[in-house]
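Chemist: How does the following fold in three dimensions:
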Amino acid sequence: MSFKICHIGCGAMSMRGHGPAMRKYAAENPGVILAGCCDLDLEKAREFGDLFGFYHHYTDWIDMLLKEKPDAVSIAVPVGSTAGISIRVAGMGFNLLTEKPPGMTGDECRGIIEAVKKAGVTAAAAFNRRHMPLVRRFSDILDIEGKETITCIRCEFHRVGRKDPDFSTTAIHAIDMAIMIAGCGYREWSFEFQPLVRTPVGNIYLNGVMESGAKVSLAFMPDSGLDAERFSVVAAGSSFFLNMPIWDCPDYPGGIIHFKEGRRMAKITGTEDEMFITSGFYGEHCDFYNSIRSGKPAGYDMASSLQPVEIMESLRTEKNNQTRR
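Modeler: Residues are numbered from 1 along each chain as shown. Take a look at the predicted model:
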């Protein structure tokens with residue numbers, strides 16, 4: 001039986017991550033058809049389609065979906081447009097996978113959730129960090145040790161020369177990762193902001209408490225000396241250190257170190273592979289399409305994106321309020 005996929009948005013993120021992931025999925029799964037891709041820029045759509053093996057290219061995504069009638073739709077458009085398109089795609093009766101964040105506000109995210117529920121389709125937001133092979137292994141180790149014993153989660157989130165005033169849509173990665181690590185959502189959170197001379201972003205500090213009681217401390221530093229995302233987790237008698245394999249960062253291919261009762265229990269180095277695999281894009285597409293084809297629930301549905309989006313929104317609101325003072 002064939003399984004048709006369409007993709008909306010053929011920009012840089014699609015070229016680096018989503019396109020290679022869909023091409024690999026189609027190559028490894030007989031019957032999968034990359035039916036159509038769409039972008040407002042016809043040349044971008046044509047280039048993307050030719051490079052990754054899509055049969056047709058379009059500039060009107062509604063026209064594409066009506067003609068191709070896909071089993072799944074992948075959406076990677078500018079974040080301000082994601083929610084509106086997602087709600088309409090769900091309303092047309094199509095399963096959808098969106099780039100993160102699925103909406104800029106909690107209300108937008110709730111709008112998608114309601115549209116998905118009303119249409120009876122499957123939907124998820126692609127938080128690629130959750131699907132990194134190294135992060136999955138880290139989560140498995142924490143499951144064995146017992147996530148309920150975690151008392152402290154810290155993250156240092158470094159970027160080089162970021163000047164975009166709204167850093168919330170990037171910070172949401174670490175906000176969401178803390179949920180995955182703890183195995184539960186946030187009970188409370190607050191922010192501190194530290195102005196910087198060279199960038200309007202400034203340093204951002206999130207302090208929170210998870211539903212399990214674990215304390216969370218996330219530090220976002222947009223004008224540091226490297227690109228890196230580093231987590232440390234303390235549980236009963238154990239300390240874990242995770243260096244994420246993000247793109248071409250100095251920590252690539254990443255690693256995990258586990259200490260217990262004063263002894264090093266494990267030192268795991270990430271596997272060097274094509275970047276779209278180590279970065280989790282392939283995993284998120286595989287999980288979503290396989291859930292649809294098997295009829296089983298997706299590992300992370302759209303509802304699981306709501307709290308990260310709400311926290312992202314509160315970060316942006318508090319930062320804007322501080323700027324006006």
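Chemist: Would you list the phi and psi of Ile62?
Modeler: Per-residue torsions, Ile62: phi -70, psi -40 (degrees, to the nearest 10).
Chemist: Run a quick neighbour tally on it.
Modeler: 14 (other Cβ atoms under 10 Å). Using the backbone N, CA and C atoms, a C-beta is placed for each residue, glycine as well.
Chemist: next one: the one 4 residues further on
Modeler: Under the neighbour criterion other Cβ under 10 Å, Leu66 is assigned a count of 10.
Chemist: And the closest residue to it other than its chain neighbours, how close does it get to Gly270?
Modeler: Once flanking residues are discounted, Leu66 sits nearest to Met92: 8.0 Å by Cβ to Cβ, 6 or more residues apart in numbering. According to Cβ to Cβ, to the nearest Å, Met92 stands 39 Å off from Gly270.
Chemist: Which one of the two is surrounded by more residues?
Modeler: Legend: neighbour count by other Cβ under 10 Å for Met92 and Gly270, higher for Gly270 (22 against 16).
Chemist: just checking, the more buried one touches Cys249?
Modeler: No. Under the criterion of Cβ atoms under 8 Å, Gly270 makes no contact with Cys249, lying 11.3 Å away.
Chemist: picking up where we left off before, ok, the residue nearest to Leu66 to Ala126 distance?
Modeler: For Met92, the distance to Ala126 - Cβ to Cβ - is 20 Å.
Chemist: Below-threshold pLDDT in the stretch 151-300 of the chain: ranges please.
Modeler: Within the stretch 151-300 of the chain, no range satisfies pLDDT under 70.
Chemist: where along it do the helices fall?
Modeler: 168-182, 275-278, 281-294 (DSSP state H, counting those that start in this stretch).
Chemist: I'd like the ones you listed laid out as TSV, including mean neighbour count and distance to Pro30.
Modeler: Conversion of the helices of the stretch 151-300 of the chain to TSV gives the following (neighbours: other Cβ atoms under 10 Å; distance: least, Cβ to Cβ, whole Å):
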stretch	mean neighbour count	distance to Pro30
helix 168-182	22	32
helix 275-278	20	20
helix 281-294	20	12
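Chemist: okay, the ones you listed in JSON lines with distance to Ala303 next?
Modeler: As requested, the helices of the stretch 151-300 of the chain are exported to JSON lines (distance: least, Cβ to Cβ, whole Å):
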{"stretch": "helix 168-182", "distance to Ala303": "12"}
{"stretch": "helix 275-278", "distance to Ala303": "26"}
{"stretch": "helix 281-294", "distance to Ala303": "14"}
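Chemist: what's the closest of the ones you listed to Ala76?
Modeler: helix 281-294 (10.0 Å; Cβ to Cβ).
Chemist: from the chain's centre, how far out does whichever helix or strand comes after the closest one sit?
Modeler: The helix or strand immediately downstream of helix 281-294 is helix 306-324, counting by DSSP states H and E. On the basis of Cα atoms, centre = their mean, to the nearest Å, helix 306-324 sits 18 Å off its chain's mean C-alpha point.
Chemist: Could you do stretch 304-314 as well?
Modeler: Taking Cα atoms, centre = their mean, one finds the center of stretch 304-314 at 12 Å from the center of the full chain.
Chemist: And the contacts of it?
Modeler: For stretch 304-314, contacts defined as Cβ atoms under 8 Å, 6 or more residues apart in numbering pick out 100-106, 108-110, 113, 124-125, 127, 168-169, 171-172, 175-176, 179, 185-186, 189, 191, 206.
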